[in-house]
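1. Dropping the sequence and predicted coords here.
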2 protein chains.
Amino acid sequence: MQQFELNREFLDVLIKSIEEGDKNRVKGLVADLHPADIAEILDELSKEQINFIFPLLDLEKGADVLIELEEDVRENFLKTLPSEELARKLIDKMNSDDAADVISELSDEAQKEVLSSIENVEQAGDIVDLLSYDEETAGGLMAKELISVKTTWNILTCIKEIRKQAVDIDEIYNIYVVNEKNILKGVLSLKKLLLIPTSENISNHYNHKVISVKTDTTSEEVANIMDKYDLVAIPVVDSIGRLMGRITIDDVVDVIREEAEKDYQLVSGITEDVEPFDKVWNLTRARLPWLMIGLVGGIFDANVIRLHEVDLGIYPQMIFFMPMIAAMGGNVGVQSSSIIVQGLANNTIGFESALMKFWKELSVAFINAFICSMLIFIYNLFFSDSYALTITVSVALFSVIIFASLFGTFVPLALKKLNIDPALATGPFITTVDDIMGLLIYLSVGRFVHFLI
Amino acid sequence: MQQFELNREFLDVLIKSIEEGDKNRVKGLVADLHPADIAEILDELSKEQINFIFPLLDLEKGADVLIELEEDVRENFLKTLPSEELARKLIDKMNSDDAADVISELSDEAQKEVLSSIENVEQAGDIVDLLSYDEETAGGLMAKELISVKTTWNILTCIKEIRKQAVDIDEIYNIYVVNEKNILKGVLSLKKLLLIPTSENISNHYNHKVISVKTDTTSEEVANIMDKYDLVAIPVVDSIGRLMGRITIDDVVDVIREEAEKDYQLVSGITEDVEPFDKVWNLTRARLPWLMIGLVGGIFDANVIRLHEVDLGIYPQMIFFMPMIAAMGGNVGVQSSSIIVQGLANNTIGFESALMKFWKELSVAFINAFICSMLIFIYNLFFSDSYALTITVSVALFSVIIFASLFGTFVPLALKKLNIDPALATGPFITTVDDIMGLLIYLSVGRFVHFLI
């Protein structure tokens, strides 16, 4: 099948058909597409245009499309839907985890209305259960839909039961084996089920070493475990081991992407999740906080220099290298902190003690500092007429690189110890602090060299 | 099952047992662990220690552990293995994609030796085929192992054939349906197979809308497609649609992680994939290139200032705000470029034209520039005694923010057009250019204001 690729021409034709109110044409354009493709199209349209297309989709597809929409597009659209219609028609077609996600985006008032309008009481109960978990935990990620069989059954009973349970579930990867108290005992892959003679008892064939997570395991940890053990689904148990739900890899891929994006945004000085197509105000709001910090840092810089004005009067050429010293401090600091942050995120920080890490960082810093300060020393030997300046710049650059390396290593490790996201210590925070410290070191070295020579 | 968690105590006990040569003890410590856990342990050990443990594992597990090792640990270890032993015992137990990955890490000489020692000719052929694809494409990611059935079969024949084919395959998610020329026609989930009566013909039940990729699709695109459509496996076809292999989600999760890490490293000024536990020299080598660029940028800065020395003589207080102007330019530039880079990576750049993007970025820049320059204006009204300085700093800050925003938007878009990785235009590159341009703008504004007042 040729993959659908959204382009401007398609959008123009679609929008024109909507404006003309040509329902058949619009239906023909989107009906055959994958829900993810339809969602991609709706993300580009206005609320009114979405309201024209949505009722043309059959319910099953409409529910799938709703789940795939961008969060803000969906929130806007949900406001236009009567809650009873949402509950009866769409929520009913969704898996419990998707239903809970959608409902959690509604106002408290609307949540109650929707929940009380769901006809299937069991499903409403499942959703209420799921809503009680923190979004960033395994409980918040899991779905209630899964296939479970009893330890005492034989394969034929299992297959019959699976046929019955399977109707509600989109994808089955594993069958979970529980005892009569619903305590998770093991797992059996669908493939294995196919290979075992139907008369055999399941207890001889399932895998007792099932890897599971608890409802309060953080989503980041769930992602690390599924990635490490190459799992496509993982069962979730409560504190006494009862099977509560399962998490599938597609939800975890989203977690991995979001975590990576958050860290990327922090190192770039962006405080909210933004995309290039976001509104101007969202983009501004995401960027302004770090600029304010930069501004305050700049005022500190100004005052550091003001306090050393006398020294600069003696050595006016020191000014030439002020930007270099500040910039190099910032660059080195961002490098050091982001290596630590990435190591912490990937759990690859290793078993070296903190002392060992500092020692290693010091070695790296020493080599980099030595090479950089030698190069600038040679440059200044040729192009500067002041030996004092030549010495000052090299000594200061050396010291700043060492300082920025150690500071960039220390801060994220310290934040981690305090249970604060270490990624906060990357990007503009580190560069701003290193700018100020760099200037202080530079001007102090300058004063000292002047005093010596 | 309690998850294994590697800690220092466990490692110490293990290392002590190895030193004492206590094979039974070592075996007891690791034998029951998951291959991924054993690999995690081996990653922390020396080559000699690995050589002690590895022969104690059974072959199946040894092969799995080998695949899970860190790349550099594996490369070192492979050098110590006789190629015949590797070929006969370990490669034989691996899936074709893992076998190809391992073999590709050997020297050309060793590759030939290993390939000619593989007894199963068909498997050797598969591996040679896989080695011919670029690592960064679907061909390089896929495995040859998959279940395919013919369009004309009935369900019972399918199940029999699946039982036969399934022995070689770890996980089955889907069954691929091909015609007599091996052209991919559709897909059937294992779940659906369970629900269909065995006498029915498969042609009435399989899904004709199968999403597939070509062997030369880039791995980044494969990841985007599998993520978008929530797939756990995707079939790979050649240019005429013949089924060549399949890619599973675990390999794609690694691609997603690696892509995100690469972008993160580029924005942090790191040129190689490094982890905190890497050797000092690797860490240094990854960091030095960007520091060199910073150094060259700093020399440019120095010369820009040198050329404006006369102006600075008239307005010495301008020096106070030099670091602020440079830093703010850098911060804004990194923000702008990383929003574009992230949008490009996620395919969420939208359908705005480049002109529209610039217009939007200009609006964001205008708001930020206005707020920041007003704040510094107010600050200087109170704390500076020179109106000329107050005006210069605000006008320059305003201009620098506008410039840095547009430049940060333009460069990654331009690189993308030239088919160069746009992530190269983030981090130190942008800050260095913005530093220099910021100083130029600041000093020029200063000269102009002096001329006016």
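-> All right, it came through fine. Residues are numbered from 1 along each chain as shown, chains lettered A, B, ... in the order given.
2. Mind giving me the packing neighbours of the host helix or strand of A:Glu48?
-> A:Glu48 belongs to helix A:47-53 when elements are defined using DSSP states H and E. Applying 3 or more C-beta pairs under 8 Å, 6 or more residues apart in numbering or on different chains; DSSP states H and E, we find helix A:47-53 packed against helix A:8-19, helix A:23-30, helix A:35-42, helix A:71-79. Just so you know, the C-beta spots here come from the backbone N, C-alpha and C atoms, and that holds for glycine as well.
3. what does the longest one contact?
-> Read it as helix A:8-19. A:25-26, A:29-30, A:41, A:44-45, A:49, A:52-53, B:351 (C-beta atoms under 8 Å, 6 or more residues apart in numbering or on different chains).
4. Would you quantify the distance from A:Ile234 to A:Lys360?
-> 35 Å (C-beta to C-beta, to the nearest Å).
5. how far away is the residue in chain A sticking out farthest from the centre from chain B?
-> Ranked by distance from the centre of chain A (C-alpha atoms, centre = their mean), the top residue is A:Ile453, with 54.2 Å. For A:Ile453, the distance to chain B equals 21 Å [C-beta to the nearest C-beta, to the nearest Å].
6. if we can go back for a sec, which of A:Ile234 and A:Lys360 has more neighbours?
-> A:Ile234 (26 against 18; other C-beta atoms under 10 Å in any protein chain shown).
7. residues contacting the residue farthest from the centre of chain A?
-> A:387-388, A:391.
8. is chain B contacted by stretch A:214-227?
-> Yes: under the criterion of C-beta under 8 Å from any C-beta of the partner chain, stretch A:214-227 makes contact with chain B via A:225, A:227.
9. average pLDDT across that stretch?
-> The average pLDDT for stretch A:214-227 rounds to 93.
10. Send me it as CSV with only the CA atoms.
-> Presented in CSV, the C-alpha positions along stretch A:214-227 are these (Å, rounded to 0.1, in the frame of the first residue of the first chain):
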residue,chain,number,x,y,z
LYS,A,214,4.2,-1.8,40.1
THR,A,215,1.4,0.7,39.6
ASP,A,216,3.6,3.4,41.2
THR,A,217,6.7,2.7,39.1
THR,A,218,7.6,6.0,37.3
SER,A,219,7.0,6.0,33.6
GLU,A,220,10.7,6.8,33.0
GLU,A,221,11.6,3.6,34.8
VAL,A,222,8.9,1.6,32.9
ALA,A,223,10.5,2.8,29.7
ASN,A,224,14.0,1.9,30.8
ILE,A,225,12.8,-1.6,31.8
MET,A,226,10.9,-2.3,28.6
ASP,A,227,13.8,-1.0,26.5
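11. What residues sit buried inside that stretch?
-> A:214-215, A:217-220, A:222-227 (16 or more other C-beta atoms under 10 Å in any protein chain shown).
12. can you map out the helices along the stretch 301-450 of chain A?
-> Assigned by DSSP state H, counting those that start in this stretch, the helices in the stretch 301-450 of chain A fall at A:309-314, A:322-346, A:354-383, A:387-417, A:428-452.
13. other SSEs contacting the fourth one?
-> Other helices and strands packing on helix A:387-417, by 3+ C-beta pairs under 8 Å, 6+ apart, are helix A:322-346, helix A:354-383, helix A:428-452.
14. Tell me the buried residues in the longest one?
-> Meaning helix A:354-383. Quick answer for helix A:354-383 (16+ other C-beta under 10 Å): A:357-358, A:360-369, A:371-373, A:375-377, A:379-380.
15. do the same with stretch A:150-167
-> Result for stretch A:150-167 [16+ other C-beta under 10 Å]: buried residues A:150, A:153-155, A:158-159, A:161-162, A:165-166.
16. just stretch A:169-184 next, same as before
-> Buried, per 16+ other C-beta under 10 Å, within stretch A:169-184: A:171-178, A:182, A:184.
17. Considering only the residues you listed, which also neighbour chain B?
-> A:171-173.
18. Just give me the closest of these to chain B.
-> A:Ile172 (4.5 Å; C-beta to the nearest C-beta).
19. A:Val395 touches A:Met374, doesn't it?
-> No: using C-beta atoms under 8 Å as the test, A:Val395 is too far from A:Met374 to be in contact (11.7 Å).
20. I'd like the helices and strands packed on helix A:47-53 as TSV, with mean pLDDT and mean neighbour count appended.
-> Below are these laid out as TSV (pLDDT from 0 to 100; neighbours: other C-beta atoms under 10 Å in any protein chain shown):
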stretch	mean pLDDT	mean neighbour count
helix A:8-19	90	14
helix A:23-30	90	15
helix A:35-42	91	21
helix A:71-79	85	15
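21. still on that earlier bit, so can I have JSON lines of the buried residues of stretch A:169-184 showing secondary structure and pLDDT?
-> Output for those, formatted as JSON lines (DSSP: H, G, I helix; E, B strand; the rest coil; pLDDT from 0 to 100):
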{"residue": "A:Glu171", "secondary structure": "coil", "pLDDT": "79"}
{"residue": "A:Ile172", "secondary structure": "coil", "pLDDT": "82"}
{"residue": "A:Tyr173", "secondary structure": "coil", "pLDDT": "85"}
{"residue": "A:Asn174", "secondary structure": "strand", "pLDDT": "88"}
{"residue": "A:Ile175", "secondary structure": "strand", "pLDDT": "90"}
{"residue": "A:Tyr176", "secondary structure": "strand", "pLDDT": "94"}
{"residue": "A:Val177", "secondary structure": "strand", "pLDDT": "94"}
{"residue": "A:Val178", "secondary structure": "strand", "pLDDT": "94"}
{"residue": "A:Asn182", "secondary structure": "coil", "pLDDT": "94"}
{"residue": "A:Leu184", "secondary structure": "strand", "pLDDT": "95"}
